[in-house]
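**Q** return atomic coordinates for the entry below.
(one chain, ligands or ions: 3)
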Amino acid sequence: MSYQVGRKMMEQRNLTLLMDLYELTMANGFFKEAPDKVGYFDLYFRKVPDEGGLVIYAGLTQVIKYLRELKFTDSDIKYLKTLGIFAPSFLEYLSVFDFKCDVWSVKEGTPVFPNEPLITVRGPLIQTQLLETMLLNIINHESLIATKARRICMVAKGRPVMEFGSRRAQGADAATFGARAAVIGGCIGTANVLSAKLFGLTPLGTMAHSWIQSFESEEAAFEAWYRIYPNNCLLLVDTYDVLSSGVPHAIEIFKKLKDKGINDHIGIRIDSGDITFLTKAAREMLDRAGFANATITVSNALDEDVIQNVLEEGAAIDSFGVGEKLITASSDPVLSGVYKLVATQVEGKITPKIKLSNTIEKTTIPGFKKLYRLYDSKGKAVGDLMGLFDEVKLNDGHVYNSDPNKTQQKKKISNFKLEPLRKKIFDNGKLIYHEPTTNEVKDFSKTMIRALPESCLRLKNPDLYNVFWTKTLKNMRTDMIEKYSEMNS
Ligand SMILES: Nc1ncnc2c1ncn2[C@@H]1O[C@H](COP(=O)(O)OP(=O)(O)OP(=O)(O)O)[C@@H](O)[C@H]1O
Ligand SMILES: O=P(O)(O)OC[C@H]1O[C@H](OP(=O)(O)OP(=O)(O)O)[C@H](O)[C@@H]1O
Ligand SMILES: O=C(O)c1cccnc1
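**A** Numbering: from 1, shown residues only. Ligands and ions are numbered 1, 2, ... in the order given. Sure, this is the predicted structure:
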């Protein structure tokens, strides 16, 4: 395949067939058995990674793009035909696929909690089923990375964190969409230029060891860099020896810049060794030479634990470059979001659906639901509330804790303001949502996090945030568990 053809394929790549085969075999069956049945699916996750207190919801932009571009091409149909398992009339339906679903979603950047319906899709069962794989693929990935970035940026305590992970991401999409998610989670920008271009992020970077190595000496390498980039001189100082070579050579360059009247956007990057010891020593040397404004950036397999540790030890750091551990969320690399059928509808009548399990955590939450955040008079979030779509009076003074182990725990809450957490994104297949920019999503996320109780923000042993259920929802689920358990005993 020629380079040009390969490029065109990438630009026009069609992800419609990126689905598990069973989505198609079921859809083929629904087409035959229940062509007019409407399905309601909820997308939610059960557990926060790293035993953290919250997940930062990310990926909606890619979900919107995916849904807008759904199209089975002639070659897709031809391929599906070769499998010999689909009815010709179903393939005909796919060939003129007309997306007709309603989609509700939480806004990107929102801190969210286990079992909350982040997305609900309502539409022809045939169509709602087909979306499972990609919706999960996108939301599970981006929310995972945004959540990890939030942890890392939180311990950096206001110091900028740059996303440096593309080289170690698991593939091109993981790098590009991961960088966007990292910015939603708090990073100030990314080294990934494609991601910066596509999503309006700030492209950032310093230099690699190859630049220094390619010259006869470190001095020559720094000298050449400063001549080309006098207004942004961040020098990598650990190629030979940080304290005896890198920092003294960097200081020489900063002096030359000072002589030319340039004294800002100067600094060093340290990429190996004991971060605490080296940054403290380097800081002293820079200050003594009159360069208190020269910044110190560190990198090298950083994560929230290392960052917290070095800052507790008093390391002198102005910013961080974080790659592999962020972009792969290596400490807990799976957000196990699921997409479950919660109701069907025939001739306007909605029937809630449930899946039982041996564990109450895995038993689904039936019904077409709505989701609110409750704020007290000071604007602090006191919990979220899940109820059924047609409940008018959501709070009768008695709501139920959603912790599956505490389903009987009843609470009375009063004097709060209800804010809907979800918005309608597609109406009958038509996009009706105005998407914010990634940087707006990031700011929105910060505001939403600030409103949460401090105790659920902690990295270790966070308090469980309240996700309440209305009495109606709780009773409906209990009744359904009983009914279906009896039916099968
Ligand atoms: N003071 C510190 N406390 C905790 N962790 C640290 C500290 N200093 C460095 N680290 C972390 O320890 C790990 C190992 O650092 P080290 O410099 O030995 O790495 P390395 O990759 O072997 O170095 P090199 O790049 O020279 O091969 C890295 O993840 C680094 O971020
Ligand atoms: O460590 P990360 O968090 O992924 O940050 C990105 C790393 O990528 C670069 O290293 P490079 O790939 O050149 O090799 P290195 O591992 O030898 O530093 C850079 O110097 C960082 O060390
Ligand atoms: O610009 C940098 O310093 C950089 C970019 C990617 C990975 N490591 C470092």
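
**Q** residue contacts, residue 103?
**A** 63, 67, 119-122, 424-426 (Cβ atoms under 8 Å, 6 or more residues apart in numbering). Any C-beta I mention is one placed from the backbone N, CA and C, and that applies to glycine too.

**Q** which of the residues you listed fall in helices?
**A** Among these, the residues falling in helices (DSSP state H) are 63, 67.

**Q** for the stretch 1-150 of the chain, what spans make up the strands?
**A** 38-45, 55-56, 102-106, 111-112, 119-124 (DSSP state E, counting those that start in this stretch).

**Q** then the stretch 301-450 of the chain?
**A** 319-322, 337-346, 349-352, 369-375, 381-388, 399-401, 410-411, 417-420, 422-427, 430-431.

**Q** so what's the residue positioned nearest the centre of the chain up against?
**A** Central residue of the chain (Cα atoms, centre = their mean): residue 143, 2.3 Å from the mean position. By Cβ under 8 Å, 6+ apart, the residues touching residue 143 are 45, 55-59, 112, 181, 335, 337.

**Q** against residue 388, how distant is it?
**A** Distance from residue 143 to residue 388, counting by Cβ to Cβ, to the nearest Å: 25 Å.

**Q** and for residue 17?
**A** From residue 17 to residue 388 the distance is 35 Å (Cβ to Cβ).

**Q** the more surrounded of these two?
**A** More crowded of residue 17 and residue 388, by other Cβ atoms under 10 Å: residue 388, with 19 against 14.

**Q** any idea what that one is bridged to?
**A** Residue 388 has these beta-bridge partners by DSSP bridges: residue 369.

**Q** does residue 154 touch residue 457 like I think?
**A** Yes. Assessed by Cβ atoms under 8 Å, residue 154 is found in contact with residue 457 at 7.2 Å.

**Q** quick one: buried residues of stretch 359-370?
**A** 363-370 (16 or more other Cβ atoms under 10 Å).

**Q** again with stretch 162-173
**A** Neighbour counts using 16+ other Cβ under 10 Å place 162-166, 168-169 of stretch 162-173 among the buried residues.

**Q** in strands, which of these fall?
**A** 162-163 (DSSP state E).

**Q** from the buried residues of stretch 162-173, which is closest to residue 355?
**A** residue 169 (33.8 Å; Cβ to Cβ).

**Q** so that closest one touches residue 180, yeah?
**A** No. Using Cβ under 8 Å, residue 169 is not in contact with residue 180, being 12.0 Å away.

**Q** show me what residue of the stretch 51-200 of the chain gets nearest to ligand 2.
**A** residue 164 (4.1 Å; Cβ to the nearest ligand atom).

**Q** next: the stretch 251-400 of the chain.
**A** Residue of the stretch 251-400 of the chain nearest ligand 2, by Cβ to the nearest ligand atom: residue 323 (2.4 Å).

**Q** then the stretch 351-489 of the chain?
**A** residue 459 (18.3 Å).

**Q** list the contacts for the closest residue in space to residue 20 that isn't next to it in sequence?
**A** Residue nearest to residue 20 in three dimensions, not counting chain neighbours: residue 133, with 4.9 Å by Cβ to Cβ, 6 or more residues apart in numbering. Residues near residue 133 by Cβ under 8 Å, 6+ apart: 18-20, 23.

**Q** most neighbours among these, please name it.
**A** Top of the contacts of residue 133 by neighbour count (other Cβ under 10 Å): residue 19, with 18 neighbours.

**Q** for it, give me its contacts.
**A** 130, 132-134.

**Q** 10 Å - rerun?
**A** 27, 129-135, 137 (Cβ atoms under 10 Å, 6 or more residues apart in numbering).

**Q** ditto for residue 108
**A** 56-64, 139, 142-143, 146, 180-181, 184, 435-436, 438, 440-442, 444-445.

**Q** re earlier: could you work out the most separated pair of the buried residues of stretch 359-370?
**A** So, the buried residues of stretch 359-370 by Cβ to Cβ: farthest apart are 363 and 370, at 20.4 Å.

**Q** for residue 99, give its distance to residue 325.
**A** The separation that residue 99 has from residue 325, given Cβ to Cβ, amounts to 38 Å.

**Q** return the longest helix anywhere in the chain as PDB; C-alpha atoms alone will do.
**A** For the chain, the helix that runs over the most residues, judged by DSSP H, is helix 132-155. Only the C-alpha atoms of helix 132-155 are listed here, as PDB (Å, rounded to 0.1, in the frame of the first residue of the first chain):
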ATOM      1  CA  GLU A 132     -21.800  -0.700  23.300                       C
ATOM      2  CA  THR A 133     -18.200  -1.500  22.400                       C
ATOM      3  CA  MET A 134     -17.100   1.900  21.200                       C
ATOM      4  CA  LEU A 135     -18.800   3.900  23.900                       C
ATOM      5  CA  LEU A 136     -17.100   1.800  26.500                       C
ATOM      6  CA  ASN A 137     -13.800   1.900  24.700                       C
ATOM      7  CA  ILE A 138     -13.800   5.700  24.600                       C
ATOM      8  CA  ILE A 139     -15.200   6.500  28.000                       C
ATOM      9  CA  ASN A 140     -13.200   3.800  29.800                       C
ATOM     10  CA  HIS A 141      -9.900   5.100  28.300                       C
ATOM     11  CA  GLU A 142     -10.300   8.800  28.600                       C
ATOM     12  CA  SER A 143     -11.900   8.900  32.000                       C
ATOM     13  CA  LEU A 144      -9.200   6.600  33.300                       C
ATOM     14  CA  ILE A 145      -6.400   8.900  32.100                       C
ATOM     15  CA  ALA A 146      -8.200  12.100  33.200                       C
ATOM     16  CA  THR A 147      -8.700  10.500  36.700                       C
ATOM     17  CA  LYS A 148      -5.000   9.600  36.900                       C
ATOM     18  CA  ALA A 149      -4.000  13.100  35.700                       C
ATOM     19  CA  ARG A 150      -6.100  14.600  38.500                       C
ATOM     20  CA  ARG A 151      -4.300  12.500  41.100                       C
ATOM     21  CA  ILE A 152      -0.900  13.500  39.700                       C
ATOM     22  CA  CYS A 153      -1.800  17.200  39.400                       C
ATOM     23  CA  MET A 154      -3.300  17.300  42.800                       C
ATOM     24  CA  VAL A 155      -0.100  16.300  44.500                       C
END
